[in-house]
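Engineer: Fold the following for me, if possible:
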Amino acid sequence: MNESHPEGSICLLNWRKGIILSAGLLAWFSVVRILWNDWRIDPQYSYGFLVPLLIVGLLSRRWDDRPTPMPPSRSASLFCATVVVVSGILLALLIPLSEGNPDWRPLGLVAAMAAVVATLGVLFLTGGTAWMRHFAFPVVFFLIAVPWPRNFEQSVMTALMSWNTGTTLEILHWCGYEAQRQGNLIMIPGGILGIEEACSGIRSLQSGLMVALFFGEVFRVKIPKRVALLIVALIAALLGNIVRSSLLALVASSQGLAAVAQWHDPAGLLVLVVTVAAILIFAFLWRGKNGFNSVLTIQGQVGGFMHVSAAAKVSFLVFLLILASLAGTEYWFRSNEGARNSVADWELRPRGHISGVMSVRVDPATLRMLYYPEGFSERWASINGEMGQVFYFRWPAGRTSVQAVSMHNPEVCLSSIGMHLQKPLSPIVCETSMLRLPFQAWLFEQHGRPVYVFHAIIKDGDVSKEAPEKFDDSPMARMENVFKGRRNPGERMIEVAFWNLPDEAVAREALRQYISHALVLKHASEGAEEINR
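Structural biologist: Coordinates of the predicted model:
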């Protein structure tokens, strides 16, 4: 009898540890599920897949020299348990909200912070302040994998592209090459060299910050020097990207634009290697005394039974909340999707068979920025000099990024290639017997010529006389997606531009004429196609 008691205690302790581990894994699975789409589609955040593995390595190193657990006071435990439960409730609420709005990045940030707070709270309940402080960095390190809010990211990216373009232009002039700037384009005698978003330096910056934080922890660098390590990463990433852009510009000026493709990826890899090497060298030089600590034996493993018990109870409640949210969310959205019956579909078709219409190849970099849609681009010209061009892209149903697509609107994209916005115009609706397509409109100027631009982002859905609704990213619209059980059904973008037209009225009529000739309505009930002319 005397021997069975400690064995039973150890068995119960292992069960409680299993509950804590299961709750933690489920919580972090929910967060990764929310962030997965950005990691998978956006090359800028593809390093996010690596971050959980790095965290496991950092936690294992911290586990080797963990301090002795010190049980917190009853009042502190009660407060901490409340915080953990509230964090679990918040995460459970974010799961259906993110399912209905997979492109809404702030949800990923809030979910990650909720999981961080809950994890730190469980560590506090298990081992007290000493454990929470000891394991804090590996837990908080996950936030480096959270995509930035799009507005902030776009502002930083625009500033970096502008600075990169201007600096590269100056370097070309110093080297004696002729070049002019137009937006984020550099005009050289051999053609046009563009400073893309991928070449802005933001990807190098984000990767450099991640590497600096990781090696700062591996070598246990002191806090002030970790800040200095981040500055090293910032300088190395930005200067390295300037060297890369300048090298590509010099290659284009001396050898032609065709040679740029051969140097583009090797130059980017070289910048990455140099940045990581610089960070690693400084981290090694600034390493702390405990950079490679020997293993310390934890004391009182069974003696920690009571505070593991409190952590297990809270973790079990969080586990049930998140599990119920995941199951309920899937049931809610699936049941509402089954209830919807689309009566028709529509499409724009290329008009390459018409004289004067020419297909336009879309640059792979553009497709990457727009998350690889299906679609086409073509341009046409009439005998009297009038010109037009269309971009039509479609993203299939699923976890696409409609908000990111909406931010690549004409005001941003056309301005970046040197067009000057004159003024926004009143919206226009192109209407057929069964469909209404709402367009936004702008007047641009390019080389002294007016350019009328019409742009629409439309969600897929039931097609009726009210037709697809215009994209709406307001908080109320996003909540409505959840209440109606409507997760991202897919979306389409139409952008049509006209040159050399006499006035706005003629441009609007030209848009209506284009839509009436290119639009195809597909009736689900009959399987037929109607071409509206």
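Engineer: quick one: buried residues of whichever helix in the chain runs longest?
Structural biologist: Counting residues, the longest helix found in the chain (DSSP state H) is helix 4-41. Judged by neighbour count using 16 or more other Cβ atoms under 10 Å, the buried positions of helix 4-41 are 13, 16, 19-20, 23-24, 26-28, 30-35, 37-39, 41. Placement of C-beta: from N, CA and C, glycine included.
Engineer: and what of stretch 219-235?
Structural biologist: Result for stretch 219-235 [16+ other Cβ under 10 Å]: buried residues 219, 220, 221, 225, 226, 228, 229, 230, 232, 233, 234.
Engineer: Surely the first one is in contact with residue 286?
Structural biologist: Yes - contact status for residue 219 versus residue 286: in contact at 7.2 Å, counting by Cβ atoms under 8 Å.
Engineer: can you give me the strands in this protein?
Structural biologist: Under the criterion DSSP state E, strands of the chain are mapped to 180-182, 185-188, 191-194, 344-348, 357-359, 374-381, 387-395, 420-431, 436-446, 449-459, 491-499, 519-523, 528-531.
Engineer: The fourth one packs against which elements?
Structural biologist: In terms of contacts (3 or more Cβ pairs under 8 Å, 6 or more residues apart in numbering; DSSP states H and E), strand 344-348 is packed against strand 387-395, strand 519-523.
Engineer: Contacts for stretch 347-364 next, please.
Structural biologist: By Cβ atoms under 8 Å, 6 or more residues apart in numbering, the residues outside stretch 347-364 that reach it are 375-382, 389-392, 394, 494, 517-520, 522.
Engineer: Please read the previous query as pertaining to stretch 245-255.
Structural biologist: Contacts for stretch 245-255 (Cβ under 8 Å, 6+ apart): 164, 167-168, 171-172, 175, 177, 179, 186, 188-191, 193, 195, 199, 259-260, 263-264, 267.
Engineer: Among those residues, which ones are in helices?
Structural biologist: When DSSP H is applied, those are split such that 164, 167, 168, 171, 172, 260, 263, 264, 267 fall in helices.
Engineer: count of neighbours near the nearest residue to the fourth one once chain neighbours are set aside?
Structural biologist: Sequence neighbours aside, residue 246 is the residue nearest to residue 171 in space, at 4.5 Å (criterion: Cβ to Cβ, 6 or more residues apart in numbering). When counting by other Cβ atoms under 10 Å, one arrives at 20 neighbours for residue 246.
Engineer: Tell me the spacing between residue 246 and residue 101.
Structural biologist: Remark: distance between residue 246 and residue 101 (Cβ to Cβ, to the nearest Å) = 41 Å.
Engineer: How about residue 499?
Structural biologist: According to Cβ to Cβ, residue 499 and residue 101 sit 37 Å apart.
Engineer: same deal with residue 476?
Structural biologist: For residue 476, the distance to residue 101 - Cβ to Cβ - is 12 Å.
Engineer: now swap in residue 280 and tell me
Structural biologist: Taking Cβ to Cβ as the measure, residue 280 falls 39 Å from residue 101.
Engineer: about what we covered before: settle it for me: which of residue 499 and residue 101 has more neighbours?
Structural biologist: Between residue 499 and residue 101, counting by other Cβ under 10 Å, residue 101 is the more crowded of the two (23 against 19).
Engineer: Correct me if wrong: the more buried one contacts residue 95.
Structural biologist: No - at 11.5 Å, residue 101 does not count as touching residue 95 under the criterion of Cβ under 8 Å.
Engineer: Now tabulate the strands of the chain in CSV and tack on mean pLDDT and distance to residue 507.
Structural biologist: Putting those into CSV (pLDDT from 0 to 100; distance: least, Cβ to Cβ, whole Å) gives the following:
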stretch, mean pLDDT, distance to residue 507
strand 180-182, 82, 24
strand 185-188, 82, 25
strand 191-194, 74, 26
strand 344-348, 77, 18
strand 357-359, 90, 18
strand 374-381, 91, 14
strand 387-395, 91, 9
strand 420-431, 90, 9
strand 436-446, 91, 8
strand 449-459, 90, 4
strand 491-499, 91, 5
strand 519-523, 75, 18
strand 528-531, 38, 23
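Engineer: So for residue 89, which of these sits nearest?
Structural biologist: Checking those against residue 89 by Cβ to Cβ gives strand 449-459 as the closest, at 30.2 Å.
Engineer: for that closest one, packing partners?
Structural biologist: Applying 3+ Cβ pairs under 8 Å, 6+ apart, we find strand 449-459 packed against helix 402-407, helix 410-416, strand 420-431, strand 436-446, strand 491-499, helix 504-518.
Engineer: Please spell out which residues along it are buried.
Structural biologist: 450, 451, 452, 453, 454, 455, 456, 457, 458, 459.
Engineer: what's the domain layout of the chain?
Structural biologist: Annotated domains of the chain cover 4-148+302-338, 150-285, 344-531 [automatic domain parsing].
Engineer: residue ranges with poor pLDDT in the stretch 251-400 of the chain?
Structural biologist: Applying pLDDT under 70 to the stretch 251-400 of the chain flags the ranges 289-307, 338-344, 365, 369, 398-400.
Engineer: same thing but 50
Structural biologist: Residue ranges of the stretch 251-400 of the chain with pLDDT under 50: 292-306, 341-343.
Engineer: quick revisit: could the buried residues of stretch 219-235 be laid out in a markdown table, adding pLDDT?
Structural biologist: Formatted as a markdown table, the buried residues of stretch 219-235 follow (pLDDT from 0 to 100):
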| residue | pLDDT |
| --- | --- |
| 219 | 93 |
| 220 | 91 |
| 221 | 92 |
| 225 | 94 |
| 226 | 95 |
| 228 | 95 |
| 229 | 95 |
| 230 | 94 |
| 232 | 94 |
| 233 | 92 |
| 234 | 91 |
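Engineer: Residue 279: neighbour count?
Structural biologist: There are 25 residues near residue 279, going by other Cβ under 10 Å.
Engineer: Am I right that it is in contact with residue 211?
Structural biologist: Yes - in terms of Cβ under 8 Å, residue 279 counts as a neighbour of residue 211; the distance is 5.1 Å.
Engineer: residues shared between the contacts of these two?
Structural biologist: Counting by Cβ under 8 Å, 6+ apart, the residues touching both residue 279 and residue 211 are residue 233.
Engineer: and which of the buried residues of strand 449-459 is nearest residue 121?
Structural biologist: residue 459 (39.0 Å).
Engineer: Could you measure from the residue lying closest to the closest one once chain neighbours are set aside over to residue 396?
Structural biologist: With sequence-adjacent residues excluded and distances taken as Cβ to Cβ, 6+ apart, residue 459 is closest to residue 491, at 5.0 Å. The gap separating residue 491 from residue 396 is 9 Å, by Cβ to Cβ.
Engineer: Make JSON lines out of the buried residues of stretch 219-235 and add distance to residue 431.
Structural biologist: What follows is those, written out as JSON lines (distance: Cβ to Cβ, whole Å):
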{"residue": "219", "distance to residue 431": "65"}
{"residue": "220", "distance to residue 431": "66"}
{"residue": "221", "distance to residue 431": "64"}
{"residue": "225", "distance to residue 431": "64"}
{"residue": "226", "distance to residue 431": "60"}
{"residue": "228", "distance to residue 431": "62"}
{"residue": "229", "distance to residue 431": "59"}
{"residue": "230", "distance to residue 431": "55"}
{"residue": "232", "distance to residue 431": "59"}
{"residue": "233", "distance to residue 431": "54"}
{"residue": "234", "distance to residue 431": "52"}
